[in-house]
Every structure is written in C-alpha cells, then in structure tokens.
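**Student:** Using only what follows, build the 3D model:
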Amino acid sequence: APRLSLPGKLVFPSSRTAGHFSMLGLGDIVMPGLLLCFVMRYDAYKRAQHAKLAEAGIPLPKHWQRISYFHCSLFGYFLGLLTATISSEVFKAAQPALLYLVPFTLMPLFAMAWMKGDLRSMWSEPFVTPPTPKFQTI
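**Tutor:** Reported below is the predicted structural model:
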C-alpha cells in the first residue's frame, strides 16, 4: 500500500547542515528489541530456576546477579547505535544501523553466556516443555 502512512522510520536533525536528517528505521528498533525480549525472558527463567535451587538449600554464586543478560545486551545496543551515529558523521554518508547493532548486541550476549556457562542452555532450555502425562492422576 504505497499511500499507507504508518511510522516506518524515526528522523532526527543532524548537526552537519541545517537540511540534513539522520534516519533510524523501524527494523533497527524492532529486531534488536525482539532479542532484548528474549534475553529478558531468559533472565526471568534463570531467576526462577535459581529460586528453586535456593528453596532446596543449594547456595548460589554471589557473582551471578551482578549483571543480567538484558543489561549486557542493552548496553551493547547503546554502543551499536553510538557507533552507527559516529560512523555516519565521520563518513558523511548514511550507514545501515543493523550493521553495527547486530554484532554489538550479540557478541556481549554470547561472551557473557559463555563465561557463565549458559551458552548451550540459552538456546534450548527455556523452550523445552515437560512431557504431558498420558494418564491423569487423581
């Protein structure tokens, strides 16, 4: 629909010239936002998992809750946007923001998951549902 006027981009005035604007596409916000939603869900899953362990009397490592995966990825998103903005100003040309956002959000997430030992479980555990029993117990 060519005449559909939905917000597909955010436009910001640039500091270079009076008539120049910087644009951030909706995909540059939505796609990393989906990753941040996934990461926030994984953090909630890990908190619930550790709460069950704490109830059972199993001690938790003290460094576990210093920084969450969400905060790590959000900081990477901020750095990616900052890098895209700076490169746009330096090269005086438009830069695709996802070119910077994807590595800046995924690399800290993968590095932190690898250091915490959660890299393998991050992609499978939260989505595994326990099998339903064939017979209902009364």
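**Student:** thought Leu53 was touching Arg47?
**Tutor:** No. Leu53 lies out of contact with Arg47 (Cβ atoms under 8 Å); the separation is 10.8 Å. Glycine gets a C-beta too; all of them are placed from N, C-alpha and C.
**Student:** Next up, the contacts around the one residue sitting closest to the centre of the chain.
**Tutor:** By Cα atoms, centre = their mean, the chain has its centre lying nearest to Leu36, at 2.8 Å. The neighbours of Leu36, taking Cβ atoms under 8 Å, 6 or more residues apart in numbering as the test, are Phe70, Ser73, Leu74, Tyr77, Thr105.
**Student:** Ok, Tyr69 next?
**Tutor:** Tyr69 sits next to Val39, Tyr42, Asp43, Leu109, Met112, Ala113, Met122 when contact means Cβ under 8 Å, 6+ apart.
**Student:** quick one: which of those sit in helices?
**Tutor:** Cross-referencing those against helices under DSSP state H gives Val39, Tyr42, Asp43, Leu109, Met112, Ala113, Met122.
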